[in-house]
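Enquirer: Quick one: sequence and predicted model below, then my questions.
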Amino acid sequence: MKKIPLILIFLTFFGCNQKEKNVNLTKTENKTQLTEKSETIFWIDTISNGKFLKIYSKPENDSQNLIAEFGDETKKHTIDLKVEEYEMFGIPFTNQIEWITEKSFALIDGCGTNCRYVTIFNTTKSKPTITQVDYFPNMSYGNFESDNENLYVKVDWDFGKYIKLSIIDTDTQKQAKFDLPKCWTCEDETGEIYGMLHSLTLKDNTIIVSRHSDNKEDDILSGELIWK
């Protein structure tokens, strides 16, 4: 009987555990799964509204050599993820798709709550976008609400000095900026945005943020989103 390579046993075991995390994706036609086919490990194999994303590896060559294929009915892109530009991809890596838009699939990974990035596979572009992310659709903490599932938020901060919020459209990468007042950052130097902001809401092209204050009433700020 042909011996099964040790790395294949590990990857198959890891894949079984990962399946449990992906059964709750709400988008129709989504088929995220991890399967073995002809010694090719499919870490992601997803179809949604005419677009697709596949990420797979071939352990007989190199268990860390990940390939991504993505596109739609008119065009397919293929890239090697084992290059310096995408060095954060390794095995195991997250195969949880956090949100899906008209053109894109978004995967989130990182080293902790304050160290998180998103990889966006836009099917109209030949390379994915990789950037920091702090608030995003379907997140289960941070009291984030949005009436537009295309939007995520990146925070640029130096506590005690400034906090700048960038609201970003997933498909177009257009941005709207919103700066918090300096007094907020001086009074709260927790080093964590979720500890300072009680809530962040995007509604009707308006941003609303709140924080708890000493007088037991939340401080609330709002502003119109100006896109550039």
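Expert: Perfect, I can see it now. Everything numeric in this text was worked out from a predicted model, so none of it was measured.

Enquirer: Residues contacting the longest strand seen in the chain, please?
Expert: The residue-count maximum for a strand in the chain (DSSP state E) belongs to strand 62-72. The list of residues contacting strand 62-72 from outside it, by C-beta atoms under 8 Å, 6 or more residues apart in numbering, reads 7, 11, 43, 50-58, 76-82, 89-91, 93, 105, 121, 123-124, 128. Placement of C-beta: from N, CA and C, glycine included.

Enquirer: Run the chain-centre distance for that strand.
Expert: Remark: strand 62-72 is offset 18 Å from the chain centroid, using C-alpha atoms, centre = their mean, to the nearest Å.

Enquirer: quick one on the thing from earlier: now, of the contacts of strand 62-72, which are buried?
Expert: 7, 11, 43, 51-57, 77, 79, 81-82, 89, 91, 93, 105, 121, 123, 128 (16 or more other C-beta atoms under 10 Å).

Enquirer: From the contact counts, what lies against whatever helix or strand comes next after the longest strand of the chain?
Expert: Next helix or strand after strand 62-72 toward the C-terminus (DSSP states H and E): strand 76-80. Contacts defined by 3 or more C-beta pairs under 8 Å, 6 or more residues apart in numbering; DSSP states H and E place strand 76-80 against strand 62-72.

Enquirer: And the helices in this structure, which stretches?
Expert: Using DSSP state H, the helices of the chain run over 6-19, 182-187, 193-196.

Enquirer: Could you tell me the least trusted of those helices?
Expert: Ranked by mean pLDDT, the helices of the chain bottom out at helix 6-19, with a mean of 39.

Enquirer: out of the buried ones among the contacts of strand 62-72, which are inside strands?
Expert: 43, 51, 52, 53, 54, 55, 56, 57, 77, 79, 105, 121.

Enquirer: Switch those residues over to CSV; also include pLDDT.
Expert: Listed next are these as CSV, based on pLDDT from 0 to 100:
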residue, pLDDT
43, 88
51, 97
52, 97
53, 97
54, 95
55, 93
56, 90
57, 85
77, 97
79, 93
105, 97
121, 96
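
Enquirer: ok now do residue 104, which residues does it touch?
Expert: By C-beta under 8 Å, 6+ apart, residue 104 lies in contact with 120, 121, 122, 123, 170, 171.

Enquirer: What of residue 86?
Expert: Neighbouring residues of residue 86 by C-beta under 8 Å, 6+ apart: 79, 128, 130.

Enquirer: Bridged to the first one, which residues?
Expert: Right, residue 79. residue 68 (DSSP bridges).

Enquirer: For it, list the residues it contacts.
Expert: Taking C-beta under 8 Å, 6+ apart as the test, what residue 79 contacts is 67, 68, 86, 126, 127, 128.
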